[in-house]
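Q: pasting a predicted model and its sequence here:
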Amino acid sequence: MLSAGVISEHDSRESLQEADVEEVRNVFHLYLNFLQKQKFEKLIKLREFQRNLPIAQHKGTILDALKENQVVLVAGDTGCGKSTQIPQYLLDAGYEGIVCTQPRRIAAISLCKRVAYETLNEYGTHIGYQIRFERHRSKHTKMLFMTEGLLLRNLSGDAMLKDFKVILLDEIHERHLTCDILLGVIKCLVQHRKDLKVILMSATINIQLFSRYFQNCLVIQVPGRLFPITVQHVPVPKEELRSKSGRLNPAPYVRLLNLIDQKYPAEEHGDLLVFLSGTAEISAVQEAAQQYAEQTGKWVILPLHSTLPLVEQDKVFDYAPQGMRKCILSTNIAETSVTIDGVRFVADSGKVKEMSYDAGSHMQRLKEFWISQASAEQRKGRAGRTGPGVCFRLFSEAEYDDMAAYSTPEILRVPLHSLLLQLISLGLPDIRQFPFLEPPPVESIQESLRLLKALLLQLISLGLPDIRQFPFLETPPVESIQESLRLLKDQGALTEEEELTPMGKILSQLPVDITVGKILVLGCLFKLEEPVLSLAAALSIQTPFTQKSFRDALNAKKQVDSDHGDPMTLLNAFHHWL
């Protein structure tokens, strides 16, 4: 038997344990209440932020307009909130089957996550996204964010887009080739689907062009919410633009970091967004800026471009550690598609790389150009979203005055052979009647279809419809299209009845240049996949042997030189490296 003392000691311990458990329970409840209070306070701040956005005053107007009209154009300045809030207004109004298009993957993903966060949803459930090779959606998804190109390709399996009841086309002012085609498709679609609702979203750039295209559709203009922005022109002397190796000289950008450190204390929060023309330029500046950041301990250097893994892209949205600023080195991806909170300073190189036709190789190449004044203003606006900002323009006022007012639409500056094949593969009306927003030049269409001579295959027709009635956003001259189609027939891309051949269908589905696509197809047919993949990659880049930064490699190049040209030489160099 246990003694009374032992029993008493046991009861005492049990009481202490119960008291401890109760104390832990109370502390845990306090912690949960604290977290709940924090979340509630964040939610209150979020809802207040949403109410203060310029777009909020137009919520009722937008929803009423959509009830009464099939197509509505919302033109909003930087910071008005159209891209994040209008999708939520549609959900609040009970709409389902909503698709929101974006020109870039990062925009589709970041907007999906933001809208899901603001609607208290887990992304991938009611609100999802789908890009090439990746999708987060479920059977309960009511709203889907995707790229323009992916929605266009969906037409091949669902010509009437029956899965969607509302289509939001965002950033249409960027005038990508796929966007122009998509606008033409939607123009046709609304005539056959009276239940379909369309919202066009654009910056306040040339909005009357889009309104007229959709039979003078209703335009709702929303002002932005920009704080004052100081513009400082700090032109870089010509001799400082490039180093001796031919790479971009990073010194002017490092000087800007130092200037900000000297003039604006770290307590005055604000990150720096640097616009550069391409990835090579980003790498050059990143290397030098990283050294400066390590010396001062005041900066976090982050690159941002479309070829970065999504995990790396997401880092630009994180907050910088206390007492430090972010320096984001970006291509024009951050000009309109992506909004990064906390940016107070913008450094604008004034340059952009765009696809341009190389007559020598019959290929498209990235080439550096001056941006337009409209793009310069878009970039400047990134500095004034959360407070007074500063825009450093690394070019003179005279150079700004010489810039074109607007960027040249892609449809007016690139070959259209991929476009023509894709239109035919979709079974769309005749290209001769497509109502282009701005007609492509005669030479562009002639050259585009001349390149398709390389197909050289007369194959069985697929019986696809004629494309003569396709409503292009901007119509090319009829005689140019006729000549182009004649060349397609001569080279076997089309039958005499202007129907797509099997080879043409395959090429229209490959997201590469037509010439490269045919090389890949023939490589598979002849069991030469490995060398052909390398050769196709070599054809898709600017050869390093012609860049000034690789002059030291010219002697080494002689060991791998091929009489068949640079692509084979580069293939030899690749195998030599292996």
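A: Cool, the structure landed.

Q: quick check: which ranges of the stretch 401-550 of the chain have low pLDDT?
A: 414-493, 513-514, 541-550 (pLDDT under 70).

Q: just the CA coordinates for the helix or strand harbouring L90, please, in CSV.
A: Under the criterion of DSSP states H and E, L90 resides in helix 82-92. Output of helix 82-92 as CSV, limited to C-alpha atoms (Å, rounded to 0.1, in the frame of the first residue of the first chain):
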residue,chain,number,x,y,z
LYS,A,82,-7.1,47.9,-63.0
SER,A,83,-5.2,44.6,-63.3
THR,A,84,-5.8,43.4,-59.8
GLN,A,85,-9.2,44.9,-59.0
ILE,A,86,-11.3,44.4,-62.1
PRO,A,87,-11.0,40.6,-61.9
GLN,A,88,-12.2,40.8,-58.3
TYR,A,89,-15.2,43.0,-59.3
LEU,A,90,-16.2,40.3,-61.7
LEU,A,91,-16.1,37.7,-59.0
ASP,A,92,-18.0,39.8,-56.6
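
Q: got the buried residues for it?
A: 82-91 (16 or more other CB atoms under 10 Å). Just so you know, the C-beta spots here come from the backbone N, C-alpha and C atoms, and that holds for glycine as well.

Q: summarise which helices and strands that helix is packed against.
A: The contact analysis (3 or more CB pairs under 8 Å, 6 or more residues apart in numbering; DSSP states H and E) places helix 82-92 against helix 59-68, strand 71-76, strand 98-102, helix 105-118, strand 143-147, strand 166-169, strand 197-202.

Q: domains of the chain?
A: Using automatic domain parsing, the domains assigned to the chain come out as 54-222, 229-410, 429-572.

Q: now those as JSON lines including distance to R47?
A: Converted to JSON lines, those look like this (distance: least, CB to CB, whole Å):
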{"stretch": "domain 54-222", "distance to R47": "9"}
{"stretch": "domain 229-410", "distance to R47": "17"}
{"stretch": "domain 429-572", "distance to R47": "39"}
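
Q: quick one: mean pLDDT for the helix or strand hosting Q295?
A: With secondary structure defined by DSSP H and E, Q295 is part of helix 279-296. The average pLDDT for helix 279-296 rounds to 94.

Q: can you list contacts of stretch 314-325?
A: Contact with stretch 314-325 is made by 110, 260, 266, 269-272, 297-300, 302, 304, 326, 328, 330, 338, 340-342, as judged by CB atoms under 8 Å, 6 or more residues apart in numbering.

Q: narrow those to those in strands?
A: Secondary structure from DSSP state E places 271-272, 299-300, 302, 304, 326, 328, 330 of the contacts of stretch 314-325 in strands.

Q: returning to that earlier point: least confident of the helices and strands packed on helix 82-92, on average?
A: Among the helices and strands packed on helix 82-92, helix 105-118 carries the lowest mean pLDDT (a mean of 91).

Q: next, the angle from it to strand 299-304.
A: Calculated by axes from the mean of the first three to the mean of the last three CA atoms, to 10 degrees, helix 105-118 forms an angle of 110 degrees with strand 299-304.

Q: got the buried residues for helix 105-118?
A: By 16+ other CB under 10 Å, the buried positions in helix 105-118 come out as 105-116, 118.

Q: TSV please, covering the residues you listed and showing distance to L218.
A: Below are those laid out as TSV (distance: CB to CB, whole Å):
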residue	distance to L218
R105	31
I106	31
A107	25
A108	26
I109	30
S110	29
L111	24
C112	27
K113	31
R114	27
V115	24
A116	29
E118	26
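
Q: for those residues, which one is nearest Q313?
A: In terms of CB to CB, no member of these lies closer to Q313 than I106, at 5.2 Å.

Q: is it true that that closest one touches I340?
A: No. Using CB atoms under 8 Å, I106 makes no contact with I340, being 10.9 Å away.

Q: among the ones in strands among the contacts of stretch 314-325, which ones are buried?
A: Neighbour counting with 16+ other CB under 10 Å marks 271-272, 299-300, 302, 304, 326, 328, 330 as buried within the ones in strands among the contacts of stretch 314-325.

Q: state the distance from the most centrally placed residue in the chain to F145.
A: Centroid check for the chain by CA atoms, centre = their mean gives R104 as the closest residue, at 2.1 Å. Distance of R104 to F145, given as CB to CB, to the nearest Å: 11 Å.

Q: who's in contact with P531?
A: Residues in contact with P531 (CB under 8 Å, 6+ apart) are 523, 571.

Q: in which helix or strand does it reside?
A: Once you assign secondary structure using DSSP H and E, P531 falls within helix 529-539.

Q: ok so, going back, so which of the buried ones among the ones in strands among the contacts of stretch 314-325 is the closest to Q215?
A: Looking at these and their distance to Q215, the nearest is S330, at 37.5 Å (CB to CB).

Q: the closest residue to F574 other than its chain neighbours: neighbouring residues, count only.
A: Distances taken as CB to CB, 6 or more residues apart in numbering place S534 nearest to F574, at 5.5 Å, with adjacent residues excluded. Neighbourhood size, S534 [other CB atoms under 10 Å]: 18.

Q: what about L152, how many residues nearby?
A: Neighbourhood size, L152 [other CB under 10 Å]: 18.

Q: does it belong to a helix, a strand or coil?
A: Following DSSP: H, G, I helix; E, B strand; the rest coil, L152 is assigned to helix.

Q: please tell me how far it sits from Y400.
A: 35 Å.

Q: same question for F275.
A: F275 is 14 Å from Y400, by CB to CB.

Q: ok, now L168?
A: Distance from L168 to Y400, counting by CB to CB: 33 Å.

Q: which of these two has more neighbours?
A: A direct count of neighbours by other CB under 10 Å for L168 and Y400 places L168 higher, at 23 against 18.

Q: what's the closest non-adjacent residue to the more buried one?
A: Leaving aside its sequence neighbours, L168 sits nearest to C100 (CB to CB, 6+ apart; 4.3 Å).

Q: just list whatever residues bridge to the one you found.
A: F145, L168 (DSSP bridges).

Q: just use 56 as the starting number from now, easier for me
A: Got it, the first residue is 56 from now on, which makes the last one we talked about C155.

Q: ok, it - contacts?
A: 142, 163, 166, 198-201, 223, 225.

Q: closest one of those to G442?
A: Using CB to CB as the measure, the one of the contacts of C155 that approaches G442 most closely is L166, at 23.1 Å.
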